[in-house]
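One predicted model, sequence on top.
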Amino acid sequence: MIDHLYIGAVPAEEDCAQVGTDNYATRARAECRRFIAQILRHYPEPENGWLQVKSCPHDFGTYYEVIACYDTSDEEATRWAFDVEGDEKDVLKVWDDHFTQLELF
């Protein structure tokens with residue numbers, strides 16, 4: 001069975017695009033893609049695990065987050081997803097050096 005864990009839109013201690021602001025969807029998806037790139041530098045995807053951007057409907061509008069998808073029958077993929085969610089390597093709190101000058105477009 002495939003399951004998923006919500007990881008967030010950007011590193012935990014960083015600001016992110018806000019629902020309802022100008023160009024929100026474009027900016028938010030770009031932030032999520034950049035966050036995925038950062039996650040993958042530290043937590044490479046296993047065979048049965050992957051990251052993707054998920055749109056989430058809400059009363060205030062659709063927002064976007066990164067999710068870690070994994071096959072629950074695969075121990076390695078399951079462990080990987082929970083390691084990403086818990087940031088076992090402590091590397092997902094702030095943007096890494098690749099994005100110190102974050103441009104959204």
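Received, thanks.

Could you list which residues are in contact with the residue nearest the centre of the chain?
Closest to where the C-alpha atoms of the chain average out (CA atoms, centre = their mean) is residue 66, at 3.0 Å. Residues in contact with residue 66 (CB atoms under 8 Å, 6 or more residues apart in numbering) are 6-9, 32, 35-36, 39, 51-54. C-beta here means a position set from N, CA and C on the backbone, and glycine is covered the same way.

helix/strand/coil for it?
The three-state label for residue 66, taken from DSSP: H, G, I helix; E, B strand; the rest coil, comes out as strand.

Quick check: closest non-adjacent residue to it.
Once flanking residues are discounted, residue 66 sits nearest to residue 7: 4.4 Å by CB to CB, 6 or more residues apart in numbering.

cool, residue 10 as well?
Spatial nearest neighbour of residue 10, chain neighbours left out: residue 16 (4.3 Å); criterion: CB to CB, 6+ apart.

Dig out what residue 5 forms beta bridges with.
Taking DSSP bridges, one obtains residue 68 as the residues bridged to residue 5.

ok, it touching residue 83?
No: shown here, residue 5 and residue 83 do not form a contact pair, counting by CB atoms under 8 Å, at 10.3 Å.
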